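**Student:** Structure for this input, please:
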Amino acid sequence: MSVKSSILRRGRLVAGTALAAAAIAGGTIGVAAAATGDRPAAPAAAPVAAAAAQPPAAEQPPEGARATVKVDPNPAAPGGDVTITGNCGGGKGLKKVIGGYPGHQVLKDVKIVDANPDAFKATAKLTTKIGNGVGPVMVDCDGEAGVTLLVTHTPPAGE
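**Tutor:** Modelled structure (predicted):
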């Protein structure tokens with residue numbers, strides 16, 4: 001691979017990752033801004049029980065995006081094994097795990113160990129054709145979806 005094509009490939013990877021991160025951050029900031037902008041101020045002496053109650057619907061992520069996902073270890077090394085866990089946030093159960101983006105998958109041999117909507121678990125192996133960077137890991141919970149970022153880090157030679 002020539003130096004020019006390597007630079008262009010990395011540029012597309014960085015641009016795609018930045019676009020995904022911006023979309024995630026924009027959605028999160030938009031939901032937070034909408035949630036704080038149209039609520040009346042809380043009373044000065046709010047009871048402790050009210051603090052423990054569920055947040056209003058306006059403070060929750062939008063329907064369809066309420067699943068949570070965590071990848072462990074994170075950061076991970078190319079070729080290493082990872083465990084994907086989380087909660088379907090009202091979805092029916094874990095149906096699919098996707099790592100990377102079309103044409104640049106970072107996860108292979110994905111196995112759903114437990115599709116339980118309250119605490120799902122899956123395992124996967126990272127491809128060896130990735131280097132240092134950040135990419136999305138997405139889950140489909142049949143009605144709800146979730147995403148997190150996976151950091152990949154190539155250990156120094158000799159480790």
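
**Student:** ranges for the strands of the chain?
**Tutor:** Assigned strands in the chain, in chain order: 68-72, 81-87, 96-101, 104-105, 107-114, 120-126, 133-140, 145-152 (criterion: DSSP state E).

**Student:** Ranked by average pLDDT, which of those strands falls at the bottom?
**Tutor:** Between these, the one with the least mean pLDDT is strand 104-105; it has a mean of 86.

**Student:** Name the strands paired with it and say parallel or antiparallel.
**Tutor:** Its sheet considered, strand 104-105 pairs with strand 96-101 (antiparallel) by DSSP bridges.

**Student:** and the partner strand with strand 133-140, angle?
**Tutor:** 160 degrees (axes from the mean of the first three to the mean of the last three Cα atoms, to 10 degrees).

**Student:** Pipe the strands of the chain into JSON lines and attach mean neighbour count per row.
**Tutor:** Using the backbone N, CA and C atoms, a C-beta is placed for each residue, glycine as well. Shown next, in JSON lines, are the strands of the chain (neighbours: other Cβ atoms under 10 Å):
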{"stretch": "strand 68-72", "mean neighbour count": "17"}
{"stretch": "strand 81-87", "mean neighbour count": "19"}
{"stretch": "strand 96-101", "mean neighbour count": "18"}
{"stretch": "strand 104-105", "mean neighbour count": "16"}
{"stretch": "strand 107-114", "mean neighbour count": "14"}
{"stretch": "strand 120-126", "mean neighbour count": "20"}
{"stretch": "strand 133-140", "mean neighbour count": "20"}
{"stretch": "strand 145-152", "mean neighbour count": "18"}
